[in-house]
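Novice: Mind looking at a prediction? Sequence and model below.
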Amino acid sequence: MQSSSLLKMFAIARAHRTCTAGRYVPNHLQASQSVVARRNIHQTSVVSKKKKTSSAIETAFEEEEDFATSEGDDLFSNTTTQASAKTPNSADKPKGRLSVEERAVRFDNLYQFLSDRIGLNPPAKARKDPRQVRKTAWQQLFSLAATSEQLERVTELFPKWRDARQQFTPEIAEAFVRRCEELRCPTLALKVFSDHSKYGFNLNHLPAARHLLHSLHVEHPLEDSVTLSALYGVYKLPAISSDLISCAMLTSALFKAKTEESLIVANALVPELKLLLKKTHPAKMAYPTDPVIRNQKNNKEKAWLKWTLLKIEKALEAQKQPVDWLKTWREASISAAGAA
């Protein structure tokens, strides 16, 4: 089932929030519009026209390989210290967690550093500064943001990065989604990805899309998950009904909503889920029993699948529908985890 088909079904279901013209539009502004419009997020915004920049901007950024960031990483291309640079040097700090005050200072300093050096027309003083922004500075800034308000301030810099003809890497996308989840503001990530013409931030990384769906599908309105499902098609990700983890989370969210419309769509997705499970060996998605191994990054999606499938099984049982196919697969996956 393609995203367009899913959305047509939800048009019948009279969902209330839509994305139009590449923008995330709140319910109270667009309640009268069809959810089918979600699929019509401006394709031209995803491939928006590149803006001309001065030669100074074209040479202001270095091409570098990505590397894992930590609080001690150098975020700039030249480590020469200047009197005007006030960013604390982590090498001079004792190891351990930053205090609230230190964290705020580092956030503000790094935020200002980025703000001064990206965009079409950075200040003359910034153009003379030999230090230039590394892409990994974004992950550091996300990490330093301690509140959803600070993270929203960071998103205000995204258009300037796009204007400088820079792109956000898949690693930056996943780091942004993860921090939005940690600060309990996943709808901020949804707003950014739903308005490509403004932010220039692509959601073209399936793990990031799955992570965002995980953040939205339990504690947020169903319409948010449906909006995200539309973005799978916009950003040319696999159809949500063809990706096992995404399909399971959306189906679980639809059953959880328990409206006449959501149950129609949920039951329509069940055959797709059944087919995906048939194609996936249970051992491949077995969630480890060892707590240490469980905490490894590549196992979090297995945890999401395990619990959403259990919820779907209970929902089907409540409807007096057959669940043998699902119970058998789940139990085989649990057995495989125990035998590993």
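Specialist: Now that the structure is in, tell me what you want to look at. Owing to the predicted nature of the structure, the values given are computational and were not obtained by experimental measurement.
Novice: neighbours around the residue nearest to residue 280 when sequence neighbours are not counted, how many?
Specialist: Closest residue to residue 280 in three dimensions, ignoring its sequence neighbours and counting by C-beta to C-beta, 6 or more residues apart in numbering: residue 244, at 5.8 Å. Every residue, glycine included, has its C-beta placed from N, CA and C. With neighbours defined by other C-beta atoms under 10 Å, the count for residue 244 comes to 20.
Novice: And for residue 192?
Specialist: For residue 192, the neighbour count with other C-beta under 10 Å is 23.
Novice: Likewise for residue 217?
Specialist: If you count neighbours by other C-beta under 10 Å, residue 217 ends up with 24.
Novice: Chain neighbours aside, what residue packs nearest to residue 146?
Specialist: Spatially, and ignoring its direct neighbours in sequence, residue 146 is nearest to residue 103 (5.8 Å; C-beta to C-beta, 6+ apart).
Novice: For residue 148, see how far away the one you found is.
Specialist: Residue 103 sits at a distance of 15 Å from residue 148 (criterion: C-beta to C-beta, to the nearest Å).
Novice: How about residue 138?
Specialist: As judged by C-beta to C-beta, residue 138 and residue 148 stand 17 Å apart.
Novice: Which stretches in this protein count as strands?
Specialist: Per DSSP state E, the chain carries strands over the ranges 18-20, 23-25.
Novice: Isn't the residue nearest to residue 280 up against residue 277?
Specialist: Yes: assessed by C-beta atoms under 8 Å, residue 244 is found in contact with residue 277 at 7.1 Å.
Novice: so residue 189 touches residue 180, yeah?
Specialist: Yes: the pair formed by residue 189 and residue 180 meets the contact definition of C-beta under 8 Å, at 4.2 Å.
Novice: list residues touching both of those two?
Specialist: Here residue 189 and residue 180 have 212, 215 as joint contacts, going by C-beta atoms under 8 Å, 6 or more residues apart in numbering.
Novice: Hmm, residue 249 is touching residue 308, no?
Specialist: Yes: with the criterion set as C-beta under 8 Å, residue 249 and residue 308 qualify as a contacting pair; they are 5.2 Å apart.
Novice: Would you mind telling me which of those two has more residues around it?
Specialist: Neighbours around residue 249 and residue 308, counted as other C-beta under 10 Å, are more numerous at residue 249. The numbers are 28 against 24.
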